[in-house]
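Asks: dropping the sequence and predicted coords here.
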Amino acid sequence: MIVINQVQIFRKQKKMTQEVLANRVGVSRKTIVSLEKGNYTPSLLLALQIAEVLETDIHTIFYLEKE
Amino acid sequence: MKKIIFEQTGNIILILLATLAMIQTVLTATVREDPIFFSFEFGIFWFLFLGWLIVFGIARFWYGKKKNNEGYSTKKGEFSAQDEREELISKKASLITFKMLIPLWIILLAISFGLNLFLGLFFSDIKIFQTMIIGILGGSLIICYLTYLIAWVTLDSKD
C-alpha cells in the first residue's frame, strides 16, 4: 500500500504557491515539493495541518492505494 | 543542505588540524627517564587549530542567530532540522554513518592489533607508530563526518 496525495491539485485550486503553503504549515518549500512528487509521506500531524490549510478533509487529499 | 555542509566542513577542518597538531607534538616530543625530562614543540598546527576553533565558533554562533538559516541550531549542529523531513534525513544519515563506522573500527582494531603484535618488525622508531595511531583515530573521525555529510546531501537531493 502506498499513500497517494492530491496536495498539488488542491493547492493550485486555492491559488497558493508552494512557498505560502510551506510557511502556513511550518515546513520548508522543499518538503512540499517532495511531498507533491510523492517522494515523501508526511506525518499524520503534517497531513492534518495541510488538510486544514487547504480547507478540505484529510481523506480527500491523502488516501491509500495498492502498489 | 547549506547548514550541514557548513557544519561538517568546519568539523572536518577542526579534526584535521587537531590531528596534525597532535602528530607534530608527538614527533617533536622528547622524554627522558633519568633524570626525568620532558619537552615538546607547540607547533604551527596548534595555532592554526586554536585560530580555526575561534573562527568556526564565532561563525557557528553567527549562523545560529542569522535569519533564514534553514533551521540551523548552534546546539544541535549537524542534527539541526527545519522540519520533519529533515529530521528523518538526519536519522537516516546517522544510521548510514553508524553502519559504516562499525566495520571500519573493526578493521582498524585488527590493524592496531597487528601493528602492536609485530611492532618491532614494522617500526624501528616508536614515534612512527604513535603518529599512525593518532592518524588512524583522526582519520576515522573525518571519515565519519564525511559519510554523514554525503549521506545527508544525497538523501536530501533524492527527495
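Replies: Received the coordinates, thanks.
Asks: residue boundaries of the strands in chain B?
Replies: Assigned by DSSP state E, the strands in chain B fall at B:30-32, B:37-39.
Asks: can you add mean pLDDT and distance to B:Met1 and give those strands back as JSON lines?
Replies: In this view, the C-beta of every residue, glycine as well, is placed from N, C-alpha and C. Listed next are the strands of chain B as JSON lines, based on pLDDT from 0 to 100; distance: least, C-beta to C-beta, whole Å:
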{"stretch": "strand B:30-32", "mean pLDDT": "79", "distance to B:Met1": "47"}
{"stretch": "strand B:37-39", "mean pLDDT": "79", "distance to B:Met1": "47"}
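Asks: and those strands as a markdown table, adding mean neighbour count and distance to chain A?
Replies: Shown next, in a markdown table, are the strands of chain B (neighbours: other C-beta atoms under 10 Å in any protein chain shown; distance: least, C-beta to the nearest C-beta, whole Å):
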| stretch | mean neighbour count | distance to chain A |
| --- | --- | --- |
| strand B:30-32 | 9 | 55 |
| strand B:37-39 | 9 | 54 |
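Asks: can you redo those as a markdown table with distance to A:Lys12?
Replies: Shown next, in a markdown table, are those (distance: least, C-beta to C-beta, whole Å):
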| stretch | distance to A:Lys12 |
| --- | --- |
| strand B:30-32 | 73 |
| strand B:37-39 | 73 |
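Asks: so which of these is nearest B:Pro103?
Replies: strand B:30-32 (35.6 Å; C-beta to C-beta).
Asks: what count of nearby residues applies to B:Asp159?
Replies: 16 (other C-beta atoms under 10 Å in any protein chain shown).
Asks: which ones are touching the residue lying closest to it once chain neighbours are set aside?
Replies: With sequence-adjacent residues excluded and distances taken as C-beta to C-beta, 6 or more residues apart in numbering or on different chains, B:Asp159 is closest to A:Ser34, at 3.8 Å. Shown in contact with A:Ser34 (C-beta atoms under 8 Å, 6 or more residues apart in numbering or on different chains): A:Tyr40, B:Arg85, B:Asp159.
Asks: hmm, back to that, among the strands of chain B, which comes closest to B:Gly10?
Replies: For B:Gly10, the closest of these is strand B:37-39, at 32.4 Å, according to C-beta to C-beta.
Asks: how far does that closest one sit from its chain's centre?
Replies: Averaging C-alpha positions (C-alpha atoms, centre = their mean, to the nearest Å) puts strand B:37-39 29 Å from its chain's average.
Asks: stretch B:152-159 now?
Replies: Using C-alpha atoms, centre = their mean, the mean C-alpha position of stretch B:152-159 is found 23 Å from that of the whole chain.
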